[in-house]
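# Just a sequence and a predicted model for now, questions to come.
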Amino acid sequence: MISSPHDPSYISLVPIFQGLNDEEIELLQTVTHIKKVKKDEVIFSEGEPSETLYIIIQGLIKITKVAEDGKEQIVRLLFPDDFFGQSALLQTENHYANAVAINETVIYTIQKQDFLNTLERNHKLALRFMRALHERIYQADEWMSLLSLMEVEQRLASVLLLFNDRMQSQNGRFTLPISKKLLAALIGTTPETISRKLVKFVSEKLILLNGQRDIHILDMDGLKRKAKAY
């Protein structure tokens with residue numbers, strides 16, 4: 001029985017590795033290492049050499065850049081089962097952004113050459129990884145469209161739907177995994193605007209709020225329409 005990420009067999013549950021046979025999983029286990037990351041710990045910084053693939057098992061990671069005015073810009077928010085640092089596997093380059101743990105996080109790490117050697121020995125894994133990379137590019141394009149085309153309400157609705165999906169909510173109930181300050185930075189607005197829009201969503205009977213961060217989506221279809229109203 002697989003009990004926790006510390007059980008070597010847990011790697012078979014990671015989506016990009018699912019469907020591999022026991023021999024293939026054992027091969028991956030020999031090159032995979034587990035790492036605990038503290039809240040606010042920097043995993044890597046912009047400009048550092050990129051030599052590792054990271055896979056999130058527990059916790060949240062923010063990918064950030066610092067603007068010319070010194071403000072932190074969140075490029076992407078990563079959830080359990082997401083992977084990052086994949087540019088290290090495709091070409092020799094430095095990290096384009098910073099990776100920081102939002103809370104206590106557990107990640108798997110695989111060094112570049114170890115992973116490339118594994119892909120060479122297993123075409124099934126290589127194909128699965130290529131498909132995952134394609135999906136990552138598609139999601140990045142979707143996120144850029146969200147930021148550039150949508151109004152704040154549409155961005156907020158889209159992010160709430162994302163959290164509902166990725167946080168494995170129960171009947172539309174989940175706790176915001178990040179503060180309003182981080183959420184504002186993620187969608188390009190202010191914490192005050194986030195608060196006002198959430199209250200508006202409550203008045204429209206799209207959601208219920210319990211405290212500052214507990215969300216209950218009452219009208220899933222209505223929230224989806226709100227997200228697409230651009």
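That came through, no problem. On a predicted model such as this, the values are computed, not experimentally measured, just so you know.

# Report the separation between residue 58 and residue 79.
The gap separating residue 58 from residue 79 is 10 Å, by CB to CB, to the nearest Å. All C-beta atoms are positioned from the backbone trio N, CA, C, and that covers glycine.

# now residue 150
Using CB to CB, residue 150 is found at 21 Å from residue 79.

# Same drill for those two, tell me which one is more crowded.
Neighbours of residue 150 and residue 79, each counted by other CB atoms under 10 Å, are more numerous for residue 150; the result is 19 against 16.

# ok, now how distant is the more buried one from residue 29?
42 Å.

# swap in residue 46?
Separation of residue 46 from residue 29 (CB to CB): 31 Å.

# per-residue confidence averaged over the helix or strand harbouring residue 154?
Element membership for residue 154, per DSSP states H and E: helix 152-166. The average pLDDT within helix 152-166 is 91.

# By average pLDDT, which secondary structure element in this structure comes out worst?
Lowest by mean pLDDT, DSSP states H and E among the helices and strands of the chain is helix 87-90, with a mean of 66.

# spatially speaking, which residue is in the middle of the protein?
Taking CA atoms, centre = their mean, the centroid of the chain lies closest to residue 78, which sits 1.5 Å from it.

# Could you tell me how many residues sit around the nearest residue to it once chain neighbours are set aside?
Leaving aside its chain neighbours, residue 78 sits nearest to residue 61 (4.3 Å; criterion: CB to CB, 6 or more residues apart in numbering). Residues near residue 61, counting by other CB under 10 Å, number 23.

# Ok, residue 208 next?
Around residue 208 there are 14 other residues, counting by other CB under 10 Å.

# quick check, it in a strand?
Yes. According to DSSP: H, G, I helix; E, B strand; the rest coil, the state of residue 208 is that of a strand.

# My guess is it contacts residue 201. True?
No. Counting by CB atoms under 8 Å, residue 208 stays clear of residue 201, with 9.3 Å between them.

# Need phi/psi at residue 95.
The phi/psi pair for residue 95 (degrees, to the nearest 10) reads phi -60, psi 140.

# Give me the pLDDT for residue 12.
Turning to residue 12, the model gives it a pLDDT of 76.

# same check, this time on residue 82
pLDDT at residue 82 comes out at 87.

# Buried residues of the helix holding residue 154, list them for me.
For helix 152-166, a neighbour-count test (16 or more other CB atoms under 10 Å) marks 152-164, 166 as buried.

# Then stretch 125-135?
Buried-residue list, stretch 125-135, by 16+ other CB under 10 Å: 125, 128-129.

# now the closest residue to residue 14 other than its chain neighbours, which residues is it bridged with?
Nearest residue to residue 14 in three dimensions, chain neighbours excluded: residue 55, at 5.9 Å (CB to CB, 6+ apart). As for beta bridges, residue 55 partners with residue 83, residue 108 under DSSP bridges.
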